[in-house]
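A.B. asks: Predicted model and sequence below, questions to follow.
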Amino acid sequence: MDPIRFYTTQPIPMQPAGGSPLNNKIQDTSFGQILKSTLSEVNHLQHNADDAVQKLATGQNKDIHNTMIAMEKAGVAFQLTMQVRNKMLEAYQEVMRMQV
């Protein structure tokens, strides 16, 4: 079973006007890369849950607790992904409604 990962955000340091650019670590990670890695993690959780259910159904694994935990992890991750998608879609629609 995979360990639970906690993602933390670190505050962005304030820069004086005309100062040096932000931390390279922050600049190197684009929104697209973060989204891609997060979707990959959700997909991985879904595959783990599918494998656990299949093993439980075929009798290879009799541990229903870990199977249920894997299914709940996948379900919560998918629900969170859908909520993020909905918020992104709402933001896009709001930008498109703006008059120039």
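C.D. replies: Good, I have the coordinates.

A.B. asks: Only C-alpha atoms from now on, for both contacts and neighbour counts.
C.D. replies: OK.

A.B. asks: Going by residue numbers, what spans are helices in the chain?
C.D. replies: For the chain, helices defined by DSSP state H occupy the ranges 24-28, 31-58, 64-97.

A.B. asks: neighbouring contacts of stretch 49-67?
C.D. replies: 70-71, 74 (Cα atoms under 8 Å, 6 or more residues apart in numbering).

A.B. asks: at 10 Å instead, please
C.D. replies: 1, 43-48, 68-75 (Cα atoms under 10 Å, 6 or more residues apart in numbering).

A.B. asks: Mark which of those residues are buried, thanks.
C.D. replies: For the contacts of stretch 49-67, a burial check counting by 16 or more other Cα atoms under 10 Å picks out 45-46, 48, 70-71, 73-75.

A.B. asks: residues touching the most centrally placed residue in the chain, list them.
C.D. replies: For the chain, the residue nearest the mean C-alpha position is residue 38 (3.5 Å; Cα atoms, centre = their mean). When contacts are counted by Cα under 10 Å, 6+ apart, residue 38 touches 32, 44, 77, 81.

A.B. asks: returning to that earlier point: looking at the contacts of stretch 49-67, which gets the smallest pLDDT?
C.D. replies: Of all the contacts of stretch 49-67, residue 1 carries the smallest pLDDT score, 55.

A.B. asks: Can you pull out the low-pLDDT segments for this protein?
C.D. replies: 1-27 (pLDDT under 70).

A.B. asks: again, 90 this time
C.D. replies: Along the chain, segments meeting pLDDT under 90 span 1-32, 35, 61-62, 99-100.

A.B. asks: which two in the buried ones among the contacts of stretch 49-67 are spaced the farthest apart?
C.D. replies: Across these, the longest distance by Cα to Cα is 11.6 Å; it joins 48 and 75.

A.B. asks: Identify the contacts common to these two.
C.D. replies: residue 42.

A.B. asks: Can you select the buried ones from the contacts of residue 38 in PyMOL?
C.D. replies: Of those, the buried ones go into a single PyMOL selection, burial set by 16+ other Cα under 10 Å:
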select buried, resi 77+81
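
A.B. asks: Columns distance to residue 97 on top of the contacts of residue 38, output as a markdown table?
C.D. replies: Putting those into a markdown table (distance: Cα to Cα, whole Å) gives the following:
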| residue | distance to residue 97 |
| --- | --- |
| 32 | 24 |
| 44 | 36 |
| 77 | 30 |
| 81 | 24 |
